[in-house]
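*Asks:* Here's my sequence, what's the structure:
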Amino acid sequence: MNTRETSVAGQFYPSNPDEIHSMLEHYNQILDEHLKENDGVFHLKPRAVIVPHAGYVYSGFTANIALRLLSNSHAKRIVIIGPSHRVYLKGTSISEFDSYQTPLGALEIDKQLISELKERFELPFIPEAHHEHSTEVQIPFVKNYTPEVSVVELVYGDESPEKLAGVIEYLLEDPTTAVVISTDLSHYYDIKKANTLDSICLDAVQTINSAELHQGCEACGKIGVEAMLITAKKNGLRSILLDYRTSADASGDKSQVVGYMSAAFVE
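*Replies:* You can find the predicted model right below:
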């Protein structure tokens with residue numbers, strides 16, 4: 001069996017399953033305490049989510065909210081879409097492995113859906129693109145909350161948001177498919193500048209205004225976010241911002257921060 005092995009376990013997230021479970025339990029304890037007054041959030045059934053992809057110590061809490069809610073959708077398959085950080089890509093690569101390994105156990109990769117996407121959208125498989133952390137860090141959350149789903153990993157580089165939107169639109173035609181869009185926000189500005197730039201991204205997502213992304217949003221996964229917003233507008237989905245924070249919340253260093261957000265798209 002051809003397995004997509006972990007590339008950043010022990011770096012971005014623990015390689016020990018007990019440590020992963022401990023982190024998620026900690027995040028959920030905080031969530032359960034703080035969302036008592038707004039427990040409607042717990043009942044959202046997202047068709048898609050936006051999540052960050054830094055190390056869990058920095059952005060795990062923000063990602064956890066969205067990927068916990070995704071389990072409410074009872075999806076049979078989850079497609080994780082993220083930007084390439086390691087290799088230059090022209091277009092989008094689709095993972096053709098048989099399974100996706102995590103410290104919590106493997107997830108099956110949906111070969112039938114991969115075949116459909118390859119044929120319909122002419123997506124290549126570029127193996128070196130699939131050591132990517134922007135997608136991988138989501139997989140332990142998926143395995144924890146939705147252990148029986150199959151997954152597909154898409155990693156994009158120089159890609160057209162409109163083309164990627166076509167892929168997302170096709171995926172969401174199936175009510176048993178959910179989509180995960182991976183992005184961080186601004187990188188290495190002081191906290192005030194970061195908050196200013198990130199507010200553009202947040203407002204664009206909240207208002208489903210893809211044009212606003214080009215007015216100063218510096219998300220590294222902006223192509224994926226724009227594709228999601230194009231699809232959401234076309235399909236009449238509404239967005240709910242779930243969390244925003246920066247690396248300063250974990251490190252205390254406000255001089256050079258990275259921004260993180262999560263959001264849910266619901267019908």
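*Asks:* how about stretch 162-174: buried residues?
*Replies:* Buried positions in stretch 162-174, judged by neighbour count with 16 or more other C-beta atoms under 10 Å: Lys163, Leu164, Ala165, Gly166, Val167, Ile168, Glu169, Leu171, Leu172. The C-beta positions use only the backbone N, C-alpha and C, and glycine is treated the same way.
*Asks:* Identify the bridge partners of Gly92.
*Replies:* Let me fix one detail, which is that residue 92 is Thr and not Gly. In this structure, Thr92 bridges to Tyr156 when assessed by DSSP bridges.
*Asks:* Check whether it really touches Val167, as I assumed.
*Replies:* Yes. The pair Thr92 / Val167 is scored as a contact, 7.5 Å apart, by C-beta atoms under 8 Å.
*Asks:* anything in contact with each of the two?
*Replies:* By the contact definition C-beta atoms under 8 Å, 6 or more residues apart in numbering, Thr92 and Val167 are jointly contacted by Phe121, Leu123, Leu154.
*Asks:* top of those by neighbour count?
*Replies:* Leu154 (29 neighbours; other C-beta atoms under 10 Å).
*Asks:* Relative to His85, how far out is Asp174?
*Replies:* Between Asp174 and His85 the distance is 29 Å, computed by C-beta to C-beta, to the nearest Å.
*Asks:* Same check on Val8?
*Replies:* Taken as C-beta to C-beta, the spacing of Val8 relative to His85 amounts to 10 Å.
*Asks:* who touches both of the two?
*Replies:* Going by C-beta under 8 Å, 6+ apart, residues that sit against Val8 and also against His85 are His133.
*Asks:* low pLDDT regions in the chain?
*Replies:* When the per-residue scores of the chain are filtered using pLDDT under 70, the ranges that remain are 36-39.
*Asks:* how about the strands in it?
*Replies:* Remark: strands of the chain, listed N- to C-terminal, are 3-4, 48-51, 77-83, 92-94, 99-100, 107-109, 150-156, 177-182, 187-189, 238-246, 257-266; assignment by DSSP state E.
*Asks:* Distance to Leu69 for these - can I get that in a markdown table?
*Replies:* Shown next, in a markdown table, are the strands of the chain (distance: least, C-beta to C-beta, whole Å):
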| stretch | distance to Leu69 |
| --- | --- |
| strand 3-4 | 25 |
| strand 48-51 | 7 |
| strand 77-83 | 13 |
| strand 92-94 | 26 |
| strand 99-100 | 21 |
| strand 107-109 | 19 |
| strand 150-156 | 17 |
| strand 177-182 | 10 |
| strand 187-189 | 26 |
| strand 238-246 | 7 |
| strand 257-266 | 6 |
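*Asks:* Of these, which stretch is the most buried?
*Replies:* The densest packing among those, expressed as mean neighbour count by mean count of other C-beta atoms under 10 Å, is seen in strand 48-51 with a mean of 30.
*Asks:* Run me through the strand neighbours of that one, direction for each.
*Replies:* Each strand that pairs with strand 48-51, with its direction, by DSSP bridges: strand 177-182 (parallel), strand 257-266 (antiparallel).
*Asks:* Work out the gap between that strand and the centre of the chain.
*Replies:* On the basis of C-alpha atoms, centre = their mean, to the nearest Å, strand 48-51 is displaced by 5 Å from the centre of the chain it belongs to.
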